[in-house]
Structures are given as C-alpha cells and as structure tokens.
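Novice: model the following, please.
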Amino acid sequence: MPLQVATLDAVEILDSRARPTLAVTVTLVDGTSARAGVPSGASTGSREAHELRDGDPSRFSGQGVRTAVANVKGEIAKLLVGRSFADLAELDRAVIDLDGTETKSRLGANAIVGVSMAVARAGAQAAGEPLWRGLGPEGVAPRLPVPHFNVVNGGVHAANNLDFQEFMIAPIGAPTLTEAVRAGAEIYAALRRLLADKGFATGLGDEGGFAPEIDRPEDVLGVLVAAITGAGYTPGREGVAIALDPAASEFYRDGRYHVAGEALSSDEMINRYEGIITDFPVWSIEDGLAEGDWDGWGRLTTRLGERVQIVGDDLLVTNPTIIAEAISAGAANAALIKLNQIGSVTETLEAMRLCREAGWSQMVSHRSGETEDSFIADLAVGTGCGQIKTGAPARGERVAKYNRLIEIEAGEALPYGLA
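Specialist: Numbers count the residues shown, from 1 in each chain. All right, here's what the predicted structure looks like:
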C-alpha cells in the first residue's frame, strides 16, 4: 500500500551506554503513528555508514546528535511530508538520494535509519499486520531465530584484559524459542555463580555479559562449558553450543594478532581457532580475522568453513556491494546483519537477499549502544534467517528483544531454529 507521511519528528535520547542517540516518530496521513529508537555501535567497521555526531565538546564530549535530529525534522521531513511513495524501498531511496553521499555522512546514517525503521513500523501497522510480516520478503517463510546470548564480554565492550570481545551461548537444540530463552537465562545464572565461586568479579560489560579478569579465551570457554553443564544442559549443537565474536580488528596491530600476550600471524590465528573448535563446542566464529585481512579470510573459510560458521561483521558491514565481493572471494560463509551499519531497512533486506541466494547464513544483530526498541526481533523473524544476537538475557534494552520474540511465538505457530 502507498506510504504518505503526514508528520515526521525526532528527539535526542540516551542509549544503554549513556550516550546520545535519537528516536524518530512518524505519523501517516491515516493517523497511524510509529516510533523507532536508533542503535549505536562501539566496535565498528571502517566502512560502516556514517553516524552523525555534533562534535560540540560542551555537550556529551562531542557525541550529541542534535544535528541528526534537526536533519530529520528539517530536510528529510520537507522531502517526505505530503508526498506519496509506492513502498518503503521508494521512500528509502528518496532519502538516500537526498543525502547524496556514499556513506550517508551529510544527513547522518543514524538519522536516515531512524526514519526508515519508523516508516517500516508505521506501514505494517497501517496494513494491519505485525512488523515481522511487513518485513518478510516474498517467498521467504518466517522463522523464530536461535538466540545467541552474549554472556562474557571482553575487548572494547568491557574493562578487562580479555582480547576476544564476545562469548555467546546458542541453544540450537532447544525445542522452542521460549525454551531457548529459558536455557540462556538459567546458564547465565549458573555462570554468575561459577564465576563468583572462582573469585572473579561479576560486573557487566556493555551488552550485559560478565567481564571477569580472564586473559585466555580458552579459559573462558572452559568456564562456559562448566556453566552449561552445571545448569543441566548438554554442550554442543544438540543442546547449547558456543559462538565467538573475537572482533579481531580490535587486536590486530602491525600485521599480527595480539591475544593474551602472544603475537600471531594470520595462519597462526587460524591454527588457534582450529584448536578451539576441536576442544570446545564452538559452532560459529564472527570476525575471526581483521577486516583488512582478506587473504586470511579466504584461508580461514577454506580451512574451517565446513566445520563452523564463519561470520563477517566488520568485514562486510551489512553492505550489499561488499557482501557480493566477499561471496565471489569465498571470504566467509555468513554475514552479521546490523541495520545502522548500512543505514536503511531496504538496503538491509537487500544484503540479506544476497546472502540467501548465495547459500550464506545470516545473523541479525543489536549494537553495544541500544534502546528498548525491539525492531531487530521482528526483522529476524520476518526474514526467516534463523539467528539473532542481542546481548545477555539481562538489562532491559537486551531483554526487550528476547521478550518480543516470546510474544511472537505466543501469538503465532512459527518454526524455531536455524534456517
């Protein structure tokens, strides 16, 4: 159905790290109104769409987003209000063309994606359907995704010496989404007790995972296996598997990967991953190598891609053009999907289409700076991708996504599991 915007507004709000972001509210001519909160990342790829910040040192250390807010209320509203668009794709393209830059740096990707998300939500509401159905591509069956709970934080997400950024548990073998969330919560509680018993602090990182002073990733993995078992679950793909996001670009310097006091070449890093997946029930490795190490990514995928999922995040930044290049190069076999990396819902769906057609897996993802907005839960369901990561089963901005998935399952008889 056509989209006709009556009003468009935005306001500067705080994300989960006490940094500014924005919320966008759109009202259609039929009176339908919808709001979207814009996420923001800490560990970012160099080729992500540009998040516009004010740069005024007297406010939020320069991190304010009043300029992005003004762009929504000004130029973008002037373009959209009173005009009819055939669909979201046409509207998104008009806003992107208005910006006129490759990285959405003039108006700000944070402004543009907020408008795109709000309009997508309003359009679904106006059509009388849930957001997940409105986001679903034609011919793609919706599916409840396997949640990947980030239960141990390191890297730029935590104030510890752990180089790997995320250690996740994935209840692949759970019979339902609700049971998967229960498993995540019970293992999280068991992990808290186990860390405390070992004398580690149980403070939290940006995404709700614990941030113990453990240096070696293998030591963390041993604790995770113990927590999974201690909570009464079976480690592995039949029960609860482990996923890693080392975010290797963050510890790559001078051509070497610096992990727990060692300086490793690309091949030595790949050897280490091979040892990890041999010794521990790891099923997925995201950003195992730096974003510029394209040759290494090819070797990593060739060596381990038959045994585990090799996910590109900083490497791909949800950019259809880059994803197409990586598919041709065999430089991964899965993509992380983040709306604000590319800056519009339409481009995000295009990135996911390319992955589907190439036989690549996709994992929809939150950011370290989140709001209570649960948009990505509906995105994961509607696109049938089968995977989502949105932090620990703790903290309101993370739990909002898991609770939304539970609500969807309660209302619809949808399959659960990997695509």
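Novice: for the chain, longest strand please?
Specialist: Selection of the longest strand in the chain by residue count, based on DSSP state E, yields strand 3-14.
Novice: pairing partners for R256 in the sheet, please.
Specialist: Beta-bridge pairing of R256 under DSSP bridges involves R253.
Novice: cool, E286 as well?
Specialist: V311.
Novice: for it, the count of nearby residues, please.
Specialist: Neighbours of E286 under the rule other CB atoms under 10 Å: 28. Glycine gets a C-beta too; all of them are placed from N, C-alpha and C.
Novice: my read: it touches D245, true?
Specialist: Yes: with contact defined as CB atoms under 8 Å, E286 counts as touching D245 (4.1 Å).
Novice: what's the overlap in contacts for the two?
Specialist: 166, 311, 313 (CB atoms under 8 Å, 6 or more residues apart in numbering).
Novice: send the alpha carbons of the longest strand of the chain over as CSV?
Specialist: The C-alpha trace of strand 3-14 is given here as CSV (Å, rounded to 0.1, in the frame of the first residue of the first chain):
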residue,chain,number,x,y,z
LEU,A,3,3.0,5.4,2.2
GLN,A,4,2.0,9.0,2.8
VAL,A,5,3.8,10.8,5.6
ALA,A,6,1.8,13.5,7.5
THR,A,7,4.4,14.4,10.1
LEU,A,8,8.0,13.5,11.0
ASP,A,9,9.7,14.2,14.3
ALA,A,10,12.8,13.3,16.2
VAL,A,11,14.3,13.8,19.6
GLU,A,12,17.7,13.2,21.2
ILE,A,13,17.6,10.3,23.7
LEU,A,14,20.2,8.2,25.6
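Novice: roughly how far out does that strand sit from the chain middle?
Specialist: 24 Å (CA atoms, centre = their mean, to the nearest Å).
Novice: what's that strand packed up against?
Specialist: When contacts are defined as 3 or more CB pairs under 8 Å, 6 or more residues apart in numbering; DSSP states H and E, strand 3-14 packs onto strand 20-28, helix 66-71, helix 77-80, strand 84-85, helix 109-126.
Novice: out of these, which comes closest to V156?
Specialist: V156 sits nearest to strand 20-28 of all the helices and strands packed on strand 3-14, at 17.6 Å, using CB to CB.
Novice: nearest to V223, of the helices and strands packed on strand 3-14?
Specialist: strand 20-28 (33.2 Å).
Novice: who does whatever helix or strand comes next after the closest one pair up with?
Specialist: Next in sequence after strand 20-28, counting helices and strands by DSSP states H and E, comes strand 33-37. Sheet partners assigned to strand 33-37 using DSSP bridges are listed as strand 20-28 (antiparallel).
Novice: output the helix or strand encompassing V151 as CSV, restricted to C-alpha atoms.
Specialist: According to DSSP H and E, V151 maps onto strand 146-153. Only the C-alpha atoms of strand 146-153 are listed here, as CSV (Å, rounded to 0.1, in the frame of the first residue of the first chain):
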residue,chain,number,x,y,z
VAL,A,146,18.1,-19.2,17.7
PRO,A,147,19.2,-16.5,20.2
HIS,A,148,22.9,-16.1,20.8
PHE,A,149,23.3,-14.7,24.3
ASN,A,150,26.5,-12.8,24.9
VAL,A,151,27.4,-14.0,28.4
VAL,A,152,31.0,-13.0,28.7
ASN,A,153,32.3,-9.6,27.4
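Novice: how far off centre is it?
Specialist: 11 Å.
Novice: ok, now stretch 298-316?
Specialist: 17 Å.
Novice: please identify the deepest-packed of the helices and strands packed on strand 3-14.
Specialist: Greatest average neighbour count among the helices and strands packed on strand 3-14 goes to helix 109-126 (a mean of 27), per mean count of other CB atoms under 10 Å.
Novice: can you give me the buried ones in whichever helix or strand comes after it?
Specialist: Next helix or strand after helix 109-126 toward the C-terminus (DSSP H and E): helix 131-135. For helix 131-135, a neighbour-count test (16 or more other CB atoms under 10 Å) marks 131-132, 134-135 as buried.
Novice: all strands of the stretch 101-250 of the chain, in order?
Specialist: Secondary structure of the stretch 101-250 of the chain (DSSP state E, counting those that start in this stretch): strands at 146-153, 166-170, 241-245.
Novice: what lines up beside the second one in the sheet?
Specialist: By that I understand strand 166-170. Applying DSSP bridges, one finds strand 166-170 paired with strand 146-153 (antiparallel), strand 241-245 (antiparallel).
Novice: for the helices and strands packed on strand 3-14, give me TSV that also has mean pLDDT and distance to G343.
Specialist: Output for the helices and strands packed on strand 3-14, formatted as TSV (pLDDT from 0 to 100; distance: least, CB to CB, whole Å):
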stretch	mean pLDDT	distance to G343
strand 20-28	98	13
helix 66-71	98	12
helix 77-80	98	16
strand 84-85	97	18
helix 109-126	98	4
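Novice: of those, which approaches A196 most closely?
Specialist: Comparing the helices and strands packed on strand 3-14 under CB to CB, the one sitting nearest is strand 20-28, at 33.2 Å.
Novice: contact partners of the closest one?
Specialist: With CB under 8 Å, 6+ apart, strand 20-28 has contacts from 3-15, 33-40, 60, 63-65, 68-69, 72, 110-111, 114-115, 117-119, 122-123, 126, 369, 371.
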